[in-house]
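Colleague: generate a structure from the sequence data that follows.
(one chain, ligands or ions: 1)
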Amino acid sequence: HKDFVFAPSSRPSVSVKGTDSRFPVNRIFCVGRNYEAHAQEMGMAVDREAPFYFTKSASSIVLSGSTIAYPPGTNNCHHEMELVVAIGKTAFRVKIEDAPTNVFGYACGIDMTRRDLQFKARDKGRPWDLGKNFENSAVISPIVTVAESGLIQSGSISLSVNGEVRQDGDINDLIWSVPELIADLSKYYHLQPGDLLYTGTPAGVGPIEPGDHLSGSIDQVGQISLTVA
Ligand code: MN
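Modeller: Here you go, the predicted model:
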């Protein structure tokens, strides 16, 4: 056998409420424009033919309660408060009606976005990676198991910055529901335990500034917070 040339990094993980166990993060999938009012504020029409996705590296996970530096290479980093679905079992070509069995649980997430870089890429027809997939860009709260929360189909999702409400929506307004997303995404990937799905953000996204304190919540799921140094 051969040794590694350097120590491999450990896998990021998220605590599971009410247990001593942690959920190891595999891949991070994210859905674009999944609330109509947010698509409008981005100046885009909603595509009702199919959802679309981008990804973040598992290493971009940052746990709720953390303090992060203002991200490099941007002058317009935005918060996007989102419901996160934690996948608990392998899913490939699953039917919408069977998709709920693939849900391990839910978390609150913030899809941090370098909006200036995302728009530059978008307008040139280039990939979104620089705008979306960067260090500390996937903020996540502890996971609540679906056994604890029940299936999440509606309920308030909100985010405040320095105590002022910026985003205030309802999960019921998702254009593509969680089962629809799992069914669709599993046409293209063998979803695995440990995969996370950020399901899109309601309207009210906006810039963060050094010194800001972000706090969000989703009914039946929990709370999330982040401080920008
Ligand atoms: Mn997003």
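Colleague: right, and Thr67 touches Ala229 too?
Modeller: Yes: using C-beta atoms under 8 Å, Thr67 makes contact with Ala229 at a distance of 5.3 Å. From N, CA and C alone the C-beta is placed, and that goes for glycine too.
Colleague: between the two, which one's more packed in?
Modeller: More crowded of Thr67 and Ala229, by other C-beta atoms under 10 Å: Thr67, with 12 against 9.
Colleague: and the residue of the chain closest to the ion?
Modeller: Using C-beta to the ion, the closest approach of the chain to the ion is made by Asp111 at 3.5 Å.
Colleague: just checking, next helix/strand downstream of the lengthiest strand in the chain?
Modeller: When the chain is parsed with DSSP state E, its longest strand is strand 103-111. Going down the chain from strand 103-111, the next helix or strand is strand 113-114, by DSSP states H and E.
Colleague: center of the protein, which residue is that?
Modeller: Nearest residue to the geometric centre of the chain (C-alpha atoms, centre = their mean): Tyr198, 2.9 Å.
Colleague: residues near Pro72, how many?
Modeller: For Pro72, the neighbour count with other C-beta under 10 Å is 9.
Colleague: pLDDT value on it, please?
Modeller: pLDDT recorded at Pro72 is 98.
Colleague: one step back: right, and the residue of the chain closest to the ion touches Glu82 too?
Modeller: Yes: using C-beta under 8 Å, Asp111 is in contact with Glu82, at 5.4 Å.
Colleague: list residues touching both of those two?
Modeller: Counting by C-beta atoms under 8 Å, 6 or more residues apart in numbering, the residues touching both Asp111 and Glu82 are Cys30, Tyr198, Thr201.
Colleague: tell me the mean pLDDT for stretch 8-20?
Modeller: Stretch 8-20 carries an average pLDDT of 96.
Colleague: err, stretch 152-162, not the other one
Modeller: Per-residue scores along stretch 152-162 average to 98.
Colleague: between the two ends of that stretch, how far is it?
Modeller: Taking C-alpha to C-alpha, to the nearest Å as the measure, stretch 152-162 stretches 27 Å from start to finish.
Colleague: got the contact list for the residue nearest to Glu36 when sequence neighbours are not counted?
Modeller: Leaving aside its sequence neighbours, Glu36 sits nearest to Val46 (C-beta to C-beta, 6 or more residues apart in numbering; 5.3 Å). Neighbour list for Val46: Arg33, Glu36, Ala39, Ile175 [criterion: C-beta under 8 Å, 6+ apart].
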